[in-house]
Structures are given as structure tokens and as C-alpha cells.
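>>> Output the structure for:
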Amino acid sequence: MDAKTQTLTPVDELVARNAMRFPNESAEYRAARTALLKEEYELRRRLERVAALRRTLPPGGEVRGDYRFMGENGPSDFAGLFGDKDTLILYSFMFGPQRERPCPMCTNLLGPLDANARDLEQKVALAVIARSPVERLVAFTQERGWQALKVYQDLDDAYSRDYFALTPKGSEEPAINVFTRQDGTIRHFWSGEMGESDPGQDPRGAPDPAPLWNFLDITPHGRDADWYPSLTY
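Next up is the predicted model:
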């Protein structure tokens, strides 16, 4: 049966089937946990609906810029970043030449991404773009022990400017962009555009791609609005 035509079991019925009970839990805890479980089921379904809607986006803008990059193994044009894949994910790393050290938040996200890079590259092309010289980027990947991420220098900042990783005032922003290639034409498919944050929150995507925050979200204290990861401890 096509997923679009499937009838979903009502959430209340799914929750009623849940037989999990933990040692010494109170009735008060179980009632609150059951109410939360309903919300978690709804959230999971909402995420699936959003992902499905994302996949139905019409063709995005054609990539026409003469973007040039320098990787560890030499120069590349934009098409070269695809390799033999038809989909390309680019992460813009806040590590420009003006920075003594790279952004800790970007670094925190890229560590787990490195661990998943070889799996992702079975399906899509993946690369990290930054504005520092490639030798500096490679040295940092070695410092962190990253083994799979491909890093490239944006040679003239053109890509970073056009795809919102470099503001008109010269400050850097993290950016995730997805591109497609079909019949030789490269188009933009999707980008995170959730720059505005709600009161008391950091700007974040939905879902948030960083495992750090997702794991903290399941703890009693959650995210600390005044705490950020560090490059060293």
C-alpha cells in the first residue's frame, strides 16, 4: 500500500497498547508519561509530514555562479563536488581566515557528521565549505581526528555570499544547502531558513541536526540557554 493512502492508527490506540512500566514508577508519573507519549507520537508524525512536504518542493533556482573551490586533492568547480551522485549536501563551516579558531557550535555538529559521512555518501555527495585556506581546514580536521569529511575552501567567497554563509557586513553564518543535478542542470533544492528564534531559544532548524541538543532535550534540565560547547575542556 502506498504510504500516502495508508490510514494511521489513532494515537490514543497506540498509546493504549504501550505496556512499558518501569520499576517503582508512581501512578502520577505514568499518567504524565502517557500524556507525553501522545505528544511524542504526534511529533513523530509531524516530522514525517514535513519531510514528505520537503520532498515535493518544485525545482529550485538553477545554480549559475562560477563557484570555485580548493580541496585537499586540488581545485573543483561546483559540478565536481557531486562526484557521481545526483544530490549534494553542503555545510558552510564558520571558519574564515579572520578567525583564530573555528566556531565551536559548527565543530560540534561536524564531529558526528564525520562519523556518518561514509554512510551518507552511499546515497548523496557531502562536503564542508569554509573560507580559510584548505591547508588550515585539513589541519583542523586532523586535529579533531575527523577522517571522512571532505573540506573545501571557497576560493573567492562567491558561494558563501550567494548561499547565505557570508553576510553583506562580512560576518559568517552556518548554512546547510542541498542541491540536485538532473540532465546536467544543477539546482538548489533546500536550505535551512529558520534564522529567527522564539523567546528564550537559540536559532535552530526543525528538526535540529545536532545530536548534542537532541540528547540534552531528553534530560530533566534540557538545553541551557547560557551554555555552548567548547573546542576544548
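
>>> Give the helix, strand or coil label for L212.
Under DSSP: H, G, I helix; E, B strand; the rest coil, L212 falls in the helix class.

>>> Burial check on it, number of neighbours?
L212 is flanked by 16 other residues according to other CB atoms under 10 Å. C-beta: built from backbone N, CA, C; applies to glycine.

>>> Ok, P133 next?
Using other CB under 10 Å, P133 has 13 other residues around it.

>>> cool, G96 as well?
When counting by other CB under 10 Å, one arrives at 19 neighbours for G96.

>>> what do you get for the one 3 residues further on?
Other residues near R99 come to 14 when the count uses other CB under 10 Å.

>>> who touches the residue nearest to S191 when sequence neighbours are not counted in this structure?
Leaving out its chain neighbours, the residue that sits closest to S191 by CB to CB, 6 or more residues apart in numbering is N177, at 4.7 Å. Going by CB atoms under 8 Å, 6 or more residues apart in numbering, N177 touches 89-90, 92, 163, 188, 190-191.

>>> Parallel or antiparallel, list what pairs with the one helix or strand N177 maps to.
Using DSSP states H and E, N177 sits within strand 175-182. According to DSSP bridges, strand 175-182 forms sheet pairs with strand 87-92 (antiparallel), strand 185-191 (antiparallel).

>>> How is the residue positioned nearest the centre of the chain assigned, secondary-structure-wise?
Nearest to the mean C-alpha position of the chain, counting by CA atoms, centre = their mean, stands P209 at 4.2 Å. Taking three-state DSSP as the rule, one finds P209 in the coil state.

>>> Quick check: the gap between it and D84.
Going from P209 to D84 by CB to CB, to the nearest Å gives 25 Å.

>>> That'll do, ta.
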